[in-house]
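*Asks:* Build me a model:
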Amino acid sequence: MNILRQLRWKLTLSYTLVTVCAFLVVLLIMGGIVLPQIFLPDNAFNPSDLVEILRRDTIPLWSQLMSQSPVDTTLIRILLENSEGTLTNREFLRIGSMQFSVRTMVGLQVLIIGSDGTFLGSSALLYPNSVVGEPFDVHQIQGLEGPLKAALAGEKDVNRLYSVYERTNRILLAIPVLNNNPQQADQVVGAVVAILEPLPTRADIPAHMVKIAGRSLIFFFLGAGLMGALFGTLFSHGLVTRFKRISATIDQWSEGDFSGYIEDDTGDEITQISQRLNNMAKQLQNLLRRRQEMAISEERNRLARDLHDSAKQQALAASFELGTTLTLYERDPGSARKHLVEADNLVDGVRKELTNLVHELRPVSVIGQDFSETLKEYALDWSQRNGISLNINQEGNGELSLETRETLFRIAQEALANTARHSASKHADLSLEFMTDTVMLTIHDDGHGFATDVQHNGLGLYSMRERAEALGGSFQVNSAPGQGTQIVVTLPRGNDEDAP
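*Replies:* Reported below is the predicted structural model:
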C-alpha cells in the first residue's frame, strides 16, 4: 500500500498549499481594497497644509488650556497621553448596524513648550533630560530651533513654522498658541511642536503589503496550513480507504476468488470505475467458467476417444476370444486354451491402458520438490507399467518457474502416453537440458513412427504444441514410418520467484 500512502501525502500537501495560497490571495485582494483607503496620494499633504490643519483643529484647545495661569501641566499630560496620529477616518463598509472604517495613521510626537521656552509636557518619554517647568533644550531635536523660535515670536508665515529632515522625510512643525482672551489675542502663550514620521503614501503600499505578509507568514503557515492539512487528511483518508477496498477486492480476484465485488455507492467517478471493474470481474468469471467447461468437455472427449481406440477395442477382442473359447471348449480343448491365453493378454492390455489413463488423470504436484526428480519418478513408473525400457539423461540444473514446470510435466505425460499407445516401441530416451534462459525436453522412441505431413485426428500433438507456444516456447515433432518419433520442446525458464 505504499502507493496509497504516497497518494495520501500528496493530497494532504496539495490541499495545504491550496489553502495557504487562497489565504494569500484574500490578503492581497483585501490589501488592494483597504490599503488605498489608508494611504494618501503622494501630494495629498504638504507641510504648510499640515500647519493649517493643526492650527484649525487642535490649537483652539491648547489656546484655552495654556491661557490659564498657572498652566495645568497635569491636564496637559493627560491630553497628550490620549493623543494619536490620525490624519483621515473613512467609512469602509456598513452591514446593518455594523460599521467598518479605515483610518490613516501617522507616527506622531507632540511637545508643549511655554512662551518662555519651558518644557510643559510630551506625548512620549523620549526626552528624559527634560523636566516639566524647566527650559527645554531645542538642540535635542535636529531642525527644531528655527521653527520653534518663529512660533514663540508669533510668526504667521507658515513656511517658517516647519522643517523637513531630508534623510528620513520626517516633518517637524511648530505652531504658535495665542492667548484665548480676546483682549490679548496677539499674545503668544506657547507653542505646540508636532514631529511627524514620513506620511503613508500610496507609493508605500507594495512595501507595506510585503511587510504585512512577512510578519503574518508564520500565522499563515500555522493557521491556513493546519486547516489545509486537516481538510486534506480527512479527504484523503476517505479516498485512500476506497482505493484500499478496491485493491483488496482486485487481489481477491487475482487469486481466482470472484465471490466478492467492490461496494462503493458514493456516486462519483470512482464509483463508476468500481462498477466497471465489477462488470469486468463478472465477465472474467463467466469466461473462466466457459473455459473450464470446454476443458472438461475436451478432456472427456479425449478420454472417450482413448477408451474407444484402445481399451474398448481390446475388451471387444477379448470378448471375441472368450466366445470362441466357449465354442471350442468341449470339442477342441487345446484350441480353446490358446484362445483363453490370447483373451488373458488382451485383458492385461486393457488393465495397462486403464492404469495409464488413471495416472494421467491423477494430479502430480510439481511444487515443493526438485522438478527433475519428479519427472524422473514419473518416467520410471511409466516404464515399469508399460514394459518399455527408458534411458533418462539430464544436463545442467537450475530453477524453473511454476508455469514452465507444469507445462513440461504435462507435455512429458502426453508424449509418453502416445509412445505407449501408438508406437509399439521397445525402448525410449528422455533428455532434460538446462540452458541459460531456456530448458529443452527431448523424448525419442524406436517405434514404427508416422508421416508428419499427414493430418491426424488425435488432439495429443495439438495439445502439446498449444501448451508450449502459450509460454512462448517451441514444439517440434520429427518422425517417419519405421524410424521412430522424436519430440523436442523448448521453453523459457521463466522467473524463478515461485520456484521451490
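
*Asks:* low-confidence ranges in the stretch 301-450 of the chain?
*Replies:* Per-residue confidence for the stretch 301-450 of the chain (pLDDT under 70) gives these ranges: 302, 305-310, 312-313, 356-369.

*Asks:* so where do the helices sit in it?
*Replies:* Counting by DSSP state H, counting those that start in this stretch, the stretch 301-450 of the chain forms helices over residues 313-328, 333-361, 371-386, 402-418, given from the N-terminal end onward.

*Asks:* Please identify the deepest-packed of those helices.
*Replies:* By mean neighbour count, with neighbours taken as mean count of other CB atoms under 10 Å, helix 402-418 ranks first of the helices of the stretch 301-450 of the chain at a mean of 20. C-betas here are computed from N, CA, C, even on glycine.

*Asks:* How far off centre is it?
*Replies:* Relative to its chain's centre, helix 402-418 lies at 45 Å (CA atoms, centre = their mean, to the nearest Å).

*Asks:* Burial check on residue 194, number of neighbours?
*Replies:* Residue 194: 21 surrounding residues under other CB atoms under 10 Å.

*Asks:* doesn't it fall inside a strand?
*Replies:* Yes: the assignment for residue 194 (DSSP: H, G, I helix; E, B strand; the rest coil) places it in a strand.

*Asks:* Please report the distance of the residue lying closest to it once chain neighbours are set aside from residue 120.
*Replies:* Leaving out its chain neighbours, the residue that sits closest to residue 194 by CB to CB, 6 or more residues apart in numbering is residue 173, at 4.4 Å. Residue 173 sits at a distance of 17 Å from residue 120 (criterion: CB to CB, to the nearest Å).

*Asks:* what about residue 266, is that helix, strand or coil?
*Replies:* Each residue gets one of three states, and residue 266 gets coil by three-state DSSP.

*Asks:* For residue 143, list the residues it contacts.
*Replies:* With contacts defined as CB atoms under 8 Å, 6 or more residues apart in numbering, residue 143 is in contact with 163-165, 172.

*Asks:* which residues does residue 326 contact?
*Replies:* The contact partners of residue 326, taken as CB under 8 Å, 6+ apart, are residue 336.

*Asks:* Look up how far residue 474 lies from it.
*Replies:* Summarising the geometry, the distance separating residue 326 from residue 474, computed by CB to CB, is 54 Å.

*Asks:* And residue 417, by the same measure?
*Replies:* Using CB to CB, one obtains 21 Å as the distance from residue 417 to residue 474.

*Asks:* same check, this time on residue 338
*Replies:* 50 Å.

*Asks:* Residue 337 too?
*Replies:* Look at residue 337 and residue 474: by CB to CB, they are 53 Å apart.

*Asks:* now residue 403
*Replies:* 16 Å.

*Asks:* again with residue 262
*Replies:* For residue 262, the distance to residue 474 (CB to CB) stands at 41 Å.

*Asks:* Those two: which has the busier surroundings?
*Replies:* More crowded of residue 262 and residue 474, by other CB under 10 Å: residue 262, with 21 against 14.

*Asks:* sec struct for the more buried one, please.
*Replies:* coil.

*Asks:* The closest residue to it other than its chain neighbours sits in which helix or strand?
*Replies:* Setting aside the residues directly before and after it, residue 262 is nearest to residue 274 in space (CB to CB, 6+ apart), at 4.1 Å. Assignment of secondary structure by DSSP states H and E places residue 274 within helix 269-306.

*Asks:* Check the contact between residue 391 and residue 442; I expect there is one.
*Replies:* No: Residue 391 sits out of contact with residue 442 when judged by CB atoms under 8 Å, with a separation of 11.5 Å.

*Asks:* Please say which of the two ends up with more neighbours.
*Replies:* The residue with more neighbours, out of residue 391 and residue 442 and counting by other CB under 10 Å, is residue 442; that gives 18 against 12.

*Asks:* Adjacent strands (with direction) for the helix or strand containing residue 177?
*Replies:* Under the assignment given by DSSP H and E, the secondary-structure element containing residue 177 is strand 170-178. Sheet neighbours of strand 170-178, with direction, are listed as strand 162-165 (antiparallel), strand 188-196 (antiparallel) (DSSP bridges).

*Asks:* which residues sit in contact with the nearest residue to residue 147 once chain neighbours are set aside?
*Replies:* The spatial neighbour of residue 147 that comes closest, neighbours along the chain excluded (CB to CB, 6+ apart), is residue 174 at 3.8 Å. The contact partners of residue 174, taken as CB under 8 Å, 6+ apart, are 144, 147-148, 150-151, 161-162, 191-194.

*Asks:* try 6 Å this time
*Replies:* Going by CB atoms under 6 Å, 6 or more residues apart in numbering, residue 174 touches 147-148, 151, 161, 191, 193.

*Asks:* Next one: it from residue 197, what distance?
*Replies:* Going from residue 174 to residue 197 by CB to CB gives 17 Å.

*Asks:* cool, residue 469 as well?
*Replies:* With distances defined as CB to CB, the gap from residue 469 to residue 197 amounts to 90 Å.

*Asks:* Next: residue 478.
*Replies:* Counting by CB to CB, the separation of residue 478 from residue 197 is 105 Å.

*Asks:* Return the backbone torsion pair for the residue lying farthest from the centre of the chain.
*Replies:* Distance from the C-alpha centroid of the chain peaks at residue 331, with 94.2 Å (CA atoms, centre = their mean). Reported as degrees, to the nearest 10, the phi and psi values for residue 331 are phi -90, psi -20.

*Asks:* these two touch, right, residue 468 and residue 490?
*Replies:* No: between residue 468 and residue 490 there is no contact under CB atoms under 6 Å: 7.7 Å.

*Asks:* Looking at those two, which is more packed in?
*Replies:* For residue 468 and residue 490, the more surrounded residue by other CB under 10 Å is residue 468, and the numbers stand at 21 against 17.

*Asks:* Please report how far the more buried one lies from residue 400.
*Replies:* Here the criterion is CB to CB. By it, residue 468 lies 14 Å from residue 400.

*Asks:* ok now stretch 18-31, how far from the chain's centre?
*Replies:* On the basis of CA atoms, centre = their mean, stretch 18-31 sits 27 Å off its chain's mean C-alpha point.

*Asks:* make that stretch 181-195, sorry
*Replies:* When distances are taken as CA atoms, centre = their mean, stretch 181-195 is centred 76 Å away from the chain's centroid.

*Asks:* as a whole number, average confidence for it?
*Replies:* Stretch 181-195 carries an average pLDDT of 86.
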